[in-house]
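Peer 1: Build me a model:
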Amino acid sequence: MNRYNSIFIEDNDNVVTTLWDIEKGETITAMGLEDKVIAKENIKKGHKVAIKEISKDNEAIKYGKVIGITLSHIGIGELVHTHNLRSNRGKELREGQEHA
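Peer 2: Numbering: from 1, shown residues only. Model prediction:
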């Protein structure tokens, strides 16, 4: 039986979400993820890891949805978090209030 340590949903996702703490050097595994990804740093449970190169000012995509815009280049296996991502969380609500 395979033991996956991350969640991968859509083919266009460029990040996965970890199911438990991942140590630097550990292989990221998820059902449907075919590319080999090695964690470049320690990643906490529930955080995101880049599974593709994401250039600065590009979209981070999780579960088929844009979750934010990168503030810097993010390499494969690197943590995707507030230090390198401007979140879209709540954007829909803010935009709805502007039109009210």
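Peer 1: quick one: low-confidence parts of this structure?
Peer 2: By pLDDT under 70, the low-scoring segments of the chain are 1-2, 90-100.
Peer 1: which residues of this structure fall in helices?
Peer 2: Ranges of helices within the chain are 91-98, based on DSSP state H.
Peer 1: thought residue 89 was touching residue 67?
Peer 2: Yes - counting by C-beta atoms under 8 Å, residue 89 touches residue 67, with 7.3 Å between them. Yep, even glycine has a C-beta here, placed from its N, CA and C like the rest.
Peer 1: which of the two has more neighbours?
Peer 2: When neighbours are counted by other C-beta atoms under 10 Å, residue 89 and residue 67 differ, and residue 67 comes out ahead with 19 against 8.
Peer 1: The more buried one contacts residue 60, correct?
Peer 2: Yes - in this structure, residue 67 is within contact of residue 60 by C-beta under 8 Å, at 5.2 Å.
Peer 1: Could you tell me which residues touch both of these two?
Peer 2: 15, 48, 85 (C-beta atoms under 8 Å, 6 or more residues apart in numbering).
Peer 1: need the residues you listed in CSV with distance to residue 31, can you?
Peer 2: Output for the shared contacts of residue 67 and residue 60, formatted as CSV (distance: C-beta to C-beta, whole Å):
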residue, distance to residue 31
15, 15
48, 17
85, 24
